[in-house]
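1. Return a 3D structure for these sequence lines:
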Amino acid sequence: MKNTEDLAASKEAAQSTVMVILIGISFSHMLNDTIQSLIPSIYPLVKNSLDLSFAQLGLITLTFQLTSSVLQPFVGYYTDLNPKPNSLAVGMGFTLIGLILLSLSTTYPMILASVGLVGVGSAIFHPEASRLAYMASGGKRGFAQSLFQVGGNAGSAIGPLLAASIVVPYGQSKIIWFSLIALIAIIVLFNLGIWYRNNGLNRIKKHKKESEARSLPKWTVIFSLGILIILIFSKYFYMASMSSYFTFYLINKFQVSVQAAQVYLFIFLVSVAAGTLVGGPVGDKIGRKYVIWISILGVAPFTLLLPYANLEWTAVLISCIGFILSSAFSAILVYAQELVPGKVGMISGLFFGLAFAMGGIGSAILGKLADITGIEYVFHLCSFLPLIGLITAFLPNLEKK
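-> Model (predicted):
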């Protein structure tokens, strides 16, 4: 009887430890993305101080996104073969250096170099953090990925609000205060690395053995990954229009202040965080394909209405858009991990990298288009992107009947 009680207690403790890791990695993601979200939040400041065009603002985003996206699949592939528990804290160290330089940047090249370092930190953080969430999932992979993602989305929502309160009123130099957030993240990630080394490596070996027994036809995998990549394009081009240019859209169309526009962006990003938290667990229950279908295509009526809405309805529509659209990524990522079992780091790096790349390329292209045609035309054009979600119908159902 006593042995049974000890076994039950041990199992309960193990489950508690898993939740502690999931919460810790989600918290770290929140701190990481709070810092990263400062980049688009300072655009109105540097546009005026350095007399930048929309295209140059887009190039700042492109520099950050491509630095991150190009490296992430390689980081994930390398750590699939050679896991590095301390890499999480090291990645945040690069982010810290980039953040300090950004606060001191007085020229356009310095800003590009600073955001490039932040991108390197992101490239190291995301594949390994996603792997850690996968290891600690206890089989609830959608839930674990959503909890991890919602931390990042919460940080993306908090960042612009903090920027509106601290950076916009008092200047770019005040970004230096956000280095304290990076230091906290380094401490947390160092401790998560200890669990990774002592417990996570054994879980990786077990997962690798289990994955060797599962396989899908090669062309099914390639075809399905191609569809997922197109869906990532649709989602993140639209997200780029919101994260980089939505404040300018509001200022141009409704003549609101910079601070008021940041509040509307905060509303959108909070909705994104809420939708992310829902998408993964729902995918665990009903199937990830259906979540992808609802998320990408289901948001189309709201995006199509947005360019014609007044300010009050704009707040309502962006809440719906953020909530529905954001539920897709966790489902897409876990679906891809199940397509290619045993390559969690590489697939995580590939899809996080694609997300960053599509966001960066989208920001640069849409910025140039805004210079030529105007910011309102850009939002009219982007409203049609979610219709690409129709191709979700061609994805195979991976869940067993």
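2. lowest average confidence, helix or strand, in this structure?
-> The helix or strand with the lowest mean pLDDT-type score in the chain, counting by mean pLDDT, DSSP states H and E, is helix 201-211 (a mean of 63).
3. Starting from it, tell me the next helix or strand along the chain.
-> Tracing the chain C-terminally past helix 201-211 and defining elements by DSSP states H and E, one meets helix 218-254 next.
4. excluding its backbone neighbours, what's nearest residue 177?
-> Spatial nearest neighbour of residue 177, excluding adjacent residues (C-beta to C-beta, 6 or more residues apart in numbering): residue 166 at 6.7 Å. Every C-beta, even on glycine, is put in place using the N, C-alpha and C of the backbone.
5. quick one: pLDDT of that neighbour?
-> Residue 166 is assigned 81 on the pLDDT scale.
6. and it, how many residues sit next to it?
-> Summarising burial for residue 166: neighbours were counted as other C-beta atoms under 10 Å, giving 15.
7. can you check residue 49 too?
-> Residue 49: 12 surrounding residues under other C-beta under 10 Å.
8. Make sure it is actually in contact with residue 173.
-> No. Contact between residue 49 and residue 173 fails when scored by C-beta atoms under 8 Å: they sit 11.4 Å apart.
9. helix/strand/coil for the residue lying closest to residue 343 once chain neighbours are set aside?
-> Leaving out its chain neighbours, the residue that sits closest to residue 343 by C-beta to C-beta, 6+ apart is residue 80, at 5.8 Å. Using DSSP: H, G, I helix; E, B strand; the rest coil, the three-state assignment for residue 80 comes out as helix.
10. quick one, what contacts the closest residue to residue 221 other than its chain neighbours?
-> Leaving out its chain neighbours, the residue that sits closest to residue 221 by C-beta to C-beta, 6+ apart is residue 339, at 5.2 Å. Remark: with contacts taken as C-beta atoms under 8 Å, 6 or more residues apart in numbering, residue 339 is in contact with 216, 221, 224-225, 347, 398.
11. Per-residue pLDDT of residue 339, please?
-> pLDDT recorded at residue 339 is 85.
12. mind checking how far it is from residue 224?
-> Computed as C-beta to C-beta, to the nearest Å, the residue 339 to residue 224 distance reads 6 Å.
13. ditto for residue 378
-> In this view, residue 378 and residue 224 are 31 Å apart by C-beta to C-beta.
14. Ok, residue 81 next?
-> Per C-beta to C-beta, residue 81 is found 24 Å from residue 224.
15. what about those two, which has more around it?
-> Taking other C-beta under 10 Å, residue 81 and residue 224 do not tie; residue 224 has more neighbours (20 against 8).
16. Residue 265: how many residues sit nearby?
-> Neighbourhood size, residue 265 [other C-beta under 10 Å]: 26.
17. repeat for residue 107
-> Other residues lying near residue 107 total 9 when counted by other C-beta under 10 Å.
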